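Have a look; sequence and predicted model below, questions after that.
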2 protein chains.
Amino acid sequence: MRPTVHDIAAEAGVSLATVDRVLNRRPGVKAATRMRVEAAIAAIGFVRDMAAANLAKSRVYPFTFILPAGDNSFMRGLERHVREAMARPSADRVAISIVIVPPFDGAAVARALDAAIAAEPAGIAVVAVDAPDVVEAALRVQASGIPLVTLVSDLGPSCRDHFAGIDNHAAGRTAGSLMRRFVGQDSATIAVLAGSMLVRDHRDRLDGFRAALSGTCRLLPVLEGQDDPAATERLIVDLLARHPDVAGIYSLGAGNRGLIAALQRHDRPRPRAVIAHELTPHTRAALEGDLIDAVLNQDAGHEVRSAIRVLKAKADGIPAVEAQERIRIDIFLKDNLPFADDADGLSLRPSGAASGAN
Amino acid sequence: MRPTVHDIAAEAGVSLATVDRVLNRRPGVKAATRMRVEAAIAAIGFVRDMAAANLAKSRVYPFTFILPAGDNSFMRGLERHVREAMARPSADRVAISIVIVPPFDGAAVARALDAAIAAEPAGIAVVAVDAPDVVEAALRVQASGIPLVTLVSDLGPSCRDHFAGIDNHAAGRTAGSLMRRFVGQDSATIAVLAGSMLVRDHRDRLDGFRAALSGTCRLLPVLEGQDDPAATERLIVDLLARHPDVAGIYSLGAGNRGLIAALQRHDRPRPRAVIAHELTPHTRAALEGDLIDAVLNQDAGHEVRSAIRVLKAKADGIPAVEAQERIRIDIFLKDNLPFADDADGLSLRPSGAASGAN
DNA sequence: GAATTCTTGATGTACGTAAATCAGAAATTT
DNA sequence: AAATTTCTGATTTACGTACATCAAGAATTC
């Protein structure tokens, strides 16, 4: 049996009330007595039963999640994972409210942050847009003492407590390495398709990609499709027409539907290597249909669960172990695809078994 | 506030005792009353507070983990993860005892299983050796009603309740796809290095690898190094001497130390593509030093946590959601390596922050 | 020495569920 | 109708912790 508070009291020769005062840092204990109790705690190796403690406290953690609207598969998958986390009874005593804001709209995110502050939650998670007014709002959040976690897309390290997302520079480097190996020859022509250079994660990926390829391939000017399927499709069709020698395409944003459509329409052999980001129903289908060679992915479920864990820890005043919350960069080929309802943004099944833990 | 048992009682117009009888399937409730209560549960959307329930039950889950001895980095990492799971206070009420048996020794595993049965744990996890006496012992475990999970290496599906490990055929296919892309040319000469064809996971990986490469490359006869560094090193040195044209090496077993040593000693350019399994300090160093191009990995921490979750579920009579417990096949290049104490088998740091959740 | 503060103990209630006991009520059998 | 069995209610204790209250002793100040 694990030692309990009673065992501490017996060991230290004090009453339960005193043990409680020490454990919960309540005033009214002489320094000498406090040390006796702490020695007893260490001696018998007591660890607080958090389940019982939370039960007694009947504590709830009200969290606010701010997510972008739009039909971006990845973001909708993210939202689904948040909703699953809300529904999951094991995710104890967290009460999440979701706020949806227009995509790529810094002002809207800033407003949502201020509204969240007013509601006084125990923590806020936000898919950030890297704009000055968002930074200011984030600083206001921190000033009001509410823990703040950025999700997927970061702000500067000084204006949030934690970033639950991947190292996008490393992701770009990974894409670059794969690209170099996949095209198989030096000085090949490579095209890069981004959503917008205004978002930090896209910029970071591009930097990493360039670094990994430096000197070995010829990079065409970056195409910006604004994550819009139609615009992206036009860009790619045009690219393929004007550069028949393109050996590889790296799509580092979310406009994969347009890319895939263009590749599908293309009548000549497609570029030797096509690498994209985020495993969605579309990229999955493209992988399976050999239109894409590799997909780099960040597991939205992990990110959401990690964000919740970190917010909880911060709310409890426990420092989160950063190393433990690092999000992996997954590489998927058609051969190691997980099942559809495991890791995807959007399940194609009707309701789908909740992908609870991992 | 979430509804409680009291709310059920009020809604159904029965007493708390009756609600308890229904919830815990105790006898002594008329069918009609039981249905009223169940309707009430559904109506108010009651979900049992598992934390409170376990507290009240003061239930503990004694589990036995049977792991192979030896200096195999992956296995030692696995053991470390089990010990971390034991130490973790959040992993509630599981009491794990670890049994170490000689590696590749079916008889020893079988004896350990029988000994475990005698101790009557709430569940057993075992790194299986695919031998007839192990199968028989596994069947005895099942006959005694104890849930059994195979870890990393499987037995037949009929003699265990669950397999906590990767789809090794898919892993082999993935390696094959990468290999084909990395060597970049058809009809290249590829060597395969295995531990032993007697273990199921190695066989499966080879099958998958062959399937992915079928018709495109020339596979040399499989080298069996018995996961022994010295023997493996000799095999590889000999291979490189006799087949200077080898374009790729796939190491599907655990003898990577020998492979790496041989590559290090090699004075001519190494084969274009070297792919290995399991991220350990050795393979990590080799990745970083460009001796290996890619490492396929199964996350030992995930596997251990998944095994525990499944055993717990089985012990509670709840069917585990198989899809949710599927273990990913990770692909690591030097560019997307996680930090050392994140996912590795063995941390090189002194004690290391426990990689608790994920 | 009295008044005040600080420290500690004793005790009780609460959280949501489990589990046991005993007493009735209702339904069934004789 | 009586005896029996089956069902249901009421109540209590427990799990491990949190938290509040009251009283009493110890230490401090005036």
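It's in.

all helices for chain A, in order.
A:5-12, A:16-23, A:31-44, A:50-57, A:73-87, A:106-119, A:132-143, A:168-183, A:200-213, A:229-242, A:256-265, A:281-288, A:300-315, A:340-343 (DSSP state H).

mind giving me JSON lines with the ones you listed and columns for mean pLDDT and mean neighbour count?
For the C-beta atoms, the positions are set from N, CA and C on the backbone; glycine is no exception. Formatted as JSON lines, the helices of chain A follow (pLDDT from 0 to 100; neighbours: other CB atoms under 10 Å in any protein chain shown):
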{"stretch": "helix A:5-12", "mean pLDDT": "93", "mean neighbour count": "18"}
{"stretch": "helix A:16-23", "mean pLDDT": "94", "mean neighbour count": "18"}
{"stretch": "helix A:31-44", "mean pLDDT": "93", "mean neighbour count": "15"}
{"stretch": "helix A:50-57", "mean pLDDT": "89", "mean neighbour count": "14"}
{"stretch": "helix A:73-87", "mean pLDDT": "90", "mean neighbour count": "20"}
{"stretch": "helix A:106-119", "mean pLDDT": "96", "mean neighbour count": "18"}
{"stretch": "helix A:132-143", "mean pLDDT": "95", "mean neighbour count": "18"}
{"stretch": "helix A:168-183", "mean pLDDT": "94", "mean neighbour count": "24"}
{"stretch": "helix A:200-213", "mean pLDDT": "93", "mean neighbour count": "21"}
{"stretch": "helix A:229-242", "mean pLDDT": "94", "mean neighbour count": "17"}
{"stretch": "helix A:256-265", "mean pLDDT": "94", "mean neighbour count": "21"}
{"stretch": "helix A:281-288", "mean pLDDT": "95", "mean neighbour count": "20"}
{"stretch": "helix A:300-315", "mean pLDDT": "90", "mean neighbour count": "24"}
{"stretch": "helix A:340-343", "mean pLDDT": "51", "mean neighbour count": "20"}
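
got a markdown table for these, with distance to chain B too?
Below are the helices of chain A laid out as a markdown table (distance: least, CB to the nearest CB, whole Å):
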| stretch | distance to chain B |
| --- | --- |
| helix A:5-12 | 14 |
| helix A:16-23 | 14 |
| helix A:31-44 | 14 |
| helix A:50-57 | 4 |
| helix A:73-87 | 9 |
| helix A:106-119 | 18 |
| helix A:132-143 | 25 |
| helix A:168-183 | 4 |
| helix A:200-213 | 6 |
| helix A:229-242 | 21 |
| helix A:256-265 | 18 |
| helix A:281-288 | 11 |
| helix A:300-315 | 6 |
| helix A:340-343 | 6 |
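
Between those helices, which one is closest to DNA strand D.
Distance to DNA strand D, taken as CB to the nearest atom of the strand, is lowest for helix A:50-57 among the helices of chain A, at 2.8 Å.

Are that closest one and DNA strand D in contact anywhere?
Yes - counting by CB under 7 Å from any atom of the strand, contacts between helix A:50-57 and DNA strand D involve A:Ala52, A:Ala53, A:Leu55, A:Ala56, A:Lys57.

Contacts only, for A:Ala115.
Each residue near A:Ala115 by CB atoms under 8 Å, 6 or more residues apart in numbering or on different chains is listed here: A:Val99.
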